[in-house]
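Q: What shape does this take:
(chains A and B)
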Number of protein chains: 2
Amino acid sequence: MDQCTHYFGAGPAALPAEVKQQIQKDIILYADTGVSILELSHRSEQFSSIISSAQSLLRDLYVVPDNYQIIFMAGGATIQFDAVALNLVGDAKHASYLDTGFWSRKSANLASKYVDIKFVQGLEDNHRNICCIEPEQWNVDPETAYLHVTPNETINGVEFIQVKEMDVPVVADLTSCILMQDIDISNYGAVYAGVQKSLGIAGLSVVIIRDDLLDRVSEKTPDLLRYDLHVKENSIVNTCPVFACYVTQLMLDWVTRNGGVKMMVEQANMRAKLLYQAVDSNPKFVNNVCENNRSVINVAFNSSDKKVIENLLAAATKQGLIGLQGHRKAGGVRASMYNGTPMSVVQTLAELIELA
Amino acid sequence: MDQCTHYFGAGPAALPAEVKQQIQKDIILYADTGVSILELSHRSEQFSSIISSAQSLLRDLYVVPDNYQIIFMAGGATIQFDAVALNLVGDAKHASYLDTGFWSRKSANLASKYVDIKFVQGLEDNHRNICCIEPEQWNVDPETAYLHVTPNETINGVEFIQVKEMDVPVVADLTSCILMQDIDISNYGAVYAGVQKSLGIAGLSVVIIRDDLLDRVSEKTPDLLRYDLHVKENSIVNTCPVFACYVTQLMLDWVTRNGGVKMMVEQANMRAKLLYQAVDSNPKFVNNVCENNRSVINVAFNSSDKKVIENLLAAATKQGLIGLQGHRKAGGVRASMYNGTPMSVVQTLAELIELA
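A: Numbers count the residues shown, from 1 in each chain, chains lettered A, B, ... in the order given. Alright, predicted model coming up:
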């Protein structure tokens, strides 16, 4: 990448320069295998090592208890929206979804093919101040198969972090916040994430699931969507996405070498603080998410004057800051800042916002 | 890759050196995008161009009629084993599968979750001479949803090419032979392939499907397995495997520049001729597939003397020829020769077989 260019898109996201350099080398010859990483067999010892290393790095980074399994699967979060229901509904009559925005509704919509959905209100939205409702006030039917939550909603830039222990398994979509939120895995029955934002490239997802939930799978689940089969075959059910797994292993290694979850969260907080301060300091811009629930990963804001937005985007492009258009459903500006985002480009953007 | 090393594994397979060099460049900066190909957004114009170019190259290479759609999907052939049944059974009471070996049985097995399976005998096997049964003698129930065929079986190295027009749609798994067999798409209702052998890397499949078959999809099909949705969204249903699609576009371009299907088939024939001649010339080795049905892509042979196999594999490794072990279910030797395989390494292997 040109030194002056940074991509702020919501995903696929920027990878650290050193990771891209490593990949560049391995495209020609990977370790002592005699072949390119693109040609490495999914049945080779070296690929088994990649999977084991990725599992063990993630287990350490998120302090994953022993009674949880870590698996990698082809496809991103969208395939998981179906997989969660197929694997976890079991004999239950309904599943519950915390409604916090576009992505939580989409995951519920896909699951509704297999089970009745009960929505749980997750946001208070009085059009001036969007807040997340505290877990204590979630009203969850104890008979429900699970409660699905989306702790970071990328489109409106809303987040919550704490989930209390509940009577039903909580299932979280961490696609946009994995390793950037400091969560306690033991409060969840399962978490999943498409890896293309903070942990790799598009086309792969990771699932962390508690052992006792593995026997609920519906018999009509496609093999490649079965969590139990992926556990049994240690994620190598078929010719799996070898290259995408390899990039995820590199990213997990990079996160570990760069201070782990603690440092990722700290840096995310610093980046977000800089941008929200700039947005709040300029009366031309508005962000109406209450302070506690502002996403530190996706900073979204708008202006009543379209021209102000256009000028800001143009000025940013001139400085090599691209991918800042808001989601097509929301408009305005959105800066998505995953782990590959250096502070220097955030500083440049903050100055442009202040001066707009 | 080291100049002296060649990988003969069944897949993921070898990519041409020039394709790997192009990828190496694009890992840092892709065209005029300002970002790495690994970071390119699935919603960008440049990615739309990659998809359009891949579709148009494949349409030209296989002379795909206008009433067929070309789509790309996350996951390999295994996900298609489920997807074929979910998308194409419709109201039918059963689906038919031509039984030609391990992969045809596996595809039937996965489909059997959704529909009753009728097997059609595809091989005559008297333990000395395995032959494919001519399409004229396939006994297919006219009420069946479709007839599924596997024109190249990689484990035992058996192939057939001609499929007559039939009263029911024929669906073919071309994973191991796409663009290496000269087939007439208009004889099929649909064909599909995991692309990791001749057209790219693991984690992506391509489907070519006739328009009139798109309305049979079961309502309980996961979104990411729906052919109709992929057609509607032009393969960008979600954050799809951008990098894998890009590699496939490069491979389609490479095949086009290197003489198209005609040349790929000719080269495959030449490679295979060289190896089968060597196997037949050495009485220590046996291949019992009848001449017309010997796969030109996967040349598999064995010996009654285990030591002969071990010595051949060791001698090959010394010359940098690796990945030659037979499939774990078959033993012996198997040379898988997809489009990335240069004639020179086949020559070296043929000499080793003759001298063994």
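Q: Quick one: the helices in the stretch 1-150 of chain A, in order.
A: Counting by DSSP state H, counting those that start in this stretch, the stretch 1-150 of chain A has these helices, from start to end: A:17-28, A:45-61, A:77-88, A:102-111.
Q: Just the mean pLDDT for the second one, thanks.
A: So the one you mean is helix A:45-61. Helix A:45-61 shows a mean pLDDT of 97.
Q: ok, now the first one?
A: Confidence for helix A:17-28, expressed as mean pLDDT, is 95.
Q: Next, the buried residues of stretch A:225-232.
A: A:225-231 (16 or more other Cβ atoms under 10 Å in any protein chain shown). All C-beta spots, glycine's among them, are computed from the backbone N, C-alpha and C.
Q: so does that stretch get close to chain B?
A: Yes. Using Cβ under 8 Å from any Cβ of the partner chain, we find that stretch A:225-232 touches chain B at residue A:225.
Q: tell me the domain boundaries of chain A?
A: A:6-16+A:260-355, A:22-257 (automatic domain parsing).
Q: what's the most buried one of these?
A: domain A:22-257 (a mean of 20; mean count of other Cβ atoms under 10 Å in any protein chain shown).
Q: Distance across it, terminal residue to terminal residue?
A: 15 Å (Cα to Cα, to the nearest Å).
Q: Just give me how far that domain sits from the chain centre.
A: How far domain A:22-257 lies from its chain's middle: 8 Å, per Cα atoms, centre = their mean, to the nearest Å.
Q: same thing with stretch A:289-307?
A: 19 Å.
Q: Show me the contact partners of the helix ranked longest in chain A.
A: Looking only at chain A and at elements set by DSSP state H, the helix with the highest residue count is helix A:260-281. By Cβ atoms under 8 Å, 6 or more residues apart in numbering or on different chains, the surrounding residues in contact with helix A:260-281 are A:61-62, A:179-182, A:198, A:255, A:258-259, A:285, A:287, A:294-297, A:299, A:301, A:335, A:337, A:339, A:341, A:343, A:346-347, A:349-351, A:353-354.
Q: Which pLDDT does the model give the residue nearest to residue A:324 when sequence neighbours are not counted?
A: Using Cβ to Cβ, 6 or more residues apart in numbering or on different chains and skipping residues adjacent in sequence, the residue nearest residue A:324 is residue A:8, 4.9 Å away. As predicted, residue A:8 sits at a pLDDT of 90.
Q: so residue A:8 makes contact with residue A:320?
A: No. Using Cβ atoms under 8 Å, residue A:8 makes no contact with residue A:320, being 10.7 Å away.
Q: what would the domains of chain A look like in TSV with distance to residue B:100?
A: Formatted as TSV, these follow (distance: least, Cβ to Cβ, whole Å):
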stretch	distance to residue B:100
domain A:6-16+A:260-355	39
domain A:22-257	19
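Q: quick one, which of the ones you listed is nearest to residue B:55?
A: domain A:22-257 (18.6 Å; Cβ to Cβ).
Q: Sketch out the strands for the stretch 151-300 of chain A, chain order is fine.
A: A:152-153, A:158-159, A:170-173, A:190-194, A:204-210, A:298-301 (DSSP state E, counting those that start in this stretch).
Q: So which of the buried residues of stretch A:225-232 are in helices?
A: Judged by DSSP H, helices contain the following of those: A:227-231.
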